[in-house]
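Enquirer: A predicted structure for the sequence below; I have some questions about it.
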Amino acid sequence: LAMECISGLRREDVIGKRAFDIFSFMEETGEFRYFLEALSGKSIVGENRPFAVPQTGRAGFFEGYYSPLKNEVGEIIGGVGVIRDITERKRTEDALRASEEQWKAVFENNPTMYFMVDAAGVVLSVNPFGAEQLGYTVADLIGESVFKVFAEHDWDTVRETIKRCLDRLGQVQTWEIRKVRRDGSVIWVRETAKAMRRTDAAPVVLIACEDITMRKRTEADLRESERRYRHTFHATGV
């Protein structure tokens, strides 16, 4: 049945006939050489290859496994070939690869700081913009503790926020905190994060950081202006 699905040929069309004559479409893929190597005593795993069946017009991708067929005394009396239609798997892989490449392009070129850390706070990935904003290269931060970009007096807060994300998988968490650049200068960021499980079941935290330093300075200036105004108002008795 599987052979009929791949080739479009019925069982009665192939029994008793030479494989080289029936599956002529495999000659173009170079697959016949694997049959010949199996007849010489080798077991072969063929490459993933495209196929097109002239009898039916069916096209797709397959992978093959070939091994010699031996009798009771170890003599080679033929070969066994197993062909698997991997068309759908190949399409899924290609779609996933395209999606990953598109996501990678967005991740690497987006003018927002992006981090991915594990449960211990180790940086698994960071985009070039994020690293540059903090005065580092991507290589400087990958594999390092995320605490490297925070002041020590904020480490407990960082631990708590990572734990909160991990305790609430899939829920978006937001907070504001200071980050320390490589030169020692401090910036304020608004972080939006969500924890998720990867395919290996290990939880990770995805973090997007927005630089809000100017906003914080403006707010501080306003508070200072209000304080001075109140002080002046009380001092003059107006």
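Expert: Looks like it arrived, so ask away. Remember, predicted model here, so these are calculated numbers, not experimental data. Numbering: from 1, shown residues only.

Enquirer: can you give me the strands for this structure?
Expert: 44-45, 49-52, 59-70, 76-85, 113-118, 123-126, 173-180, 186-197, 203-211 (DSSP state E).

Enquirer: helices along the chain, start to end?
Expert: For the chain, the helices defined by DSSP state H cover 2-7, 11-14, 19-22, 25-28, 32-39, 87-109, 128-133, 138-141, 155-167, 213-236.

Enquirer: lowest-pLDDT helix or strand in this protein?
Expert: Across the helices and strands of the chain, mean pLDDT, DSSP states H and E gives its lowest value to helix 25-28, namely a mean of 59.

Enquirer: which parts of stretch 124-133 are buried?
Expert: Buried residues in stretch 124-133, counted by 16 or more other Cβ atoms under 10 Å: L124, S125, V126, N127, F129, G130, A131, Q133. All C-beta spots, glycine's among them, are computed from the backbone N, C-alpha and C.

Enquirer: also stretch 197-211?
Expert: Quick answer for stretch 197-211 (16+ other Cβ under 10 Å): V204, V205, L206, I207, A208, C209.

Enquirer: what sits against the last one?
Expert: Pointing back at C209 there. T112, M113, Y114, F115, G130, K179, V189, R190, E191 (Cβ atoms under 8 Å, 6 or more residues apart in numbering).

Enquirer: bridged to the last one, which residues?
Expert: This means E191. W175, C209 (DSSP bridges).

Enquirer: repeat that for the third one.
Expert: When bridges are assigned using DSSP bridges, the partners listed for Y114 are A208.

Enquirer: for it, give me its contacts.
Expert: F107, S125, V126, N127, F129, G130, L206, I207, A208, C209.

Enquirer: before we move on, back to that, possible to save the buried residues of stretch 124-133 as TSV with pLDDT and distance to S145?
Expert: Listed next are these as TSV, based on pLDDT from 0 to 100; distance: Cβ to Cβ, whole Å:
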residue	pLDDT	distance to S145
L124	93	12
S125	91	14
V126	93	13
N127	92	18
F129	92	21
G130	92	16
A131	94	15
Q133	93	18
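
Enquirer: of these, which is the nearest to T87?
Expert: Within the buried residues of stretch 124-133, distances to T87 taken as Cβ to Cβ reach their minimum at S125, with 32.4 Å.

Enquirer: pretty sure the closest one sits against G143.
Expert: No. At 10.3 Å, S125 does not count as touching G143 under the criterion of Cβ atoms under 8 Å.

Enquirer: any idea how far W155 is from G60?
Expert: As judged by Cβ to Cβ, to the nearest Å, G60 and W155 stand 55 Å apart.
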